[in-house]
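Student: The following block contains a protein sequence and its predicted model.
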Amino acid sequence: MNRATNKFHCDLKHPTKKKMKTVKQTTPYKDHRIIALKVIDWCLEEFGIYADIKLKLGDYNDFKCWGQCYEGETMPAESVSINRYIVEIAKNQTLRDFVATVVHEMVHVKQWETNNWRGEGEAEANKLQYKLTDKLWKENIL
């Protein structure tokens, strides 16, 4: 996998979704950004990594997928460079799927930061997205 040009593709598995339907808002929260940022912070701590995450929220039709992430420019710091990643998440999902999508993309960030994945990394991200979402919920992060 080429770090400079790779972009994780949009084949997230949502077992609760058989067919995509358009909805305006499926969570009781008006600000998806707050939820996503809490999940991102939790993932960074859970994975033991440090990275700069730029979050972009939109609808499925904006991204043509539920979520995706890719590398941004490395940011120079005083003693070490900080890698930047852009994470794009579709808001028009159920709350659980929305959180799982953020987790899924953060697993990809972890894979890049640790330089550890098999194939394109999708199997690990798919395996962990709901497992870690449930763990996050049990820890009362949201």
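Tutor: Received, thanks. Residues are numbered from 1 along each chain as shown.

Student: buried set for the one helix or strand Lys56 maps to?
Tutor: Using DSSP states H and E, Lys56 sits in strand 52-58. Residues Ile53, Leu55, Leu57 are the ones in strand 52-58 that count as buried (16 or more other CB atoms under 10 Å). For every residue, glycine as well, the C-beta is placed using N, CA and C.

Student: Quick check, Ala90 in contact with Gly58.
Tutor: Yes - using CB atoms under 8 Å, Ala90 is in contact with Gly58, at 6.3 Å.

Student: quick one: average confidence on the one helix or strand Lys135 maps to?
Tutor: Taking DSSP H and E as the definition, Lys135 sits inside helix 122-138. When pLDDT is averaged along helix 122-138, the result is 94.

Student: Only alpha carbons, please: show that helix as CSV.
Tutor: In CSV, the C-alpha atoms belonging to helix 122-138 read as follows (Å, rounded to 0.1, in the frame of the first residue of the first chain):
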residue,chain,number,x,y,z
GLU,A,122,-10.6,-3.4,5.4
ALA,A,123,-10.9,-6.8,7.2
GLU,A,124,-9.5,-5.4,10.4
ALA,A,125,-11.6,-2.2,10.2
ASN,A,126,-14.8,-4.2,9.5
LYS,A,127,-14.1,-6.6,12.4
LEU,A,128,-13.4,-3.8,14.9
GLN,A,129,-15.9,-1.1,14.0
TYR,A,130,-18.9,-2.5,16.0
LYS,A,131,-16.8,-4.2,18.7
LEU,A,132,-15.1,-0.9,19.6
THR,A,133,-18.4,1.1,19.2
ASP,A,134,-19.9,-1.2,21.9
LYS,A,135,-16.9,-0.8,24.1
LEU,A,136,-17.0,3.0,23.7
TRP,A,137,-20.7,3.0,24.7
LYS,A,138,-20.1,0.8,27.7
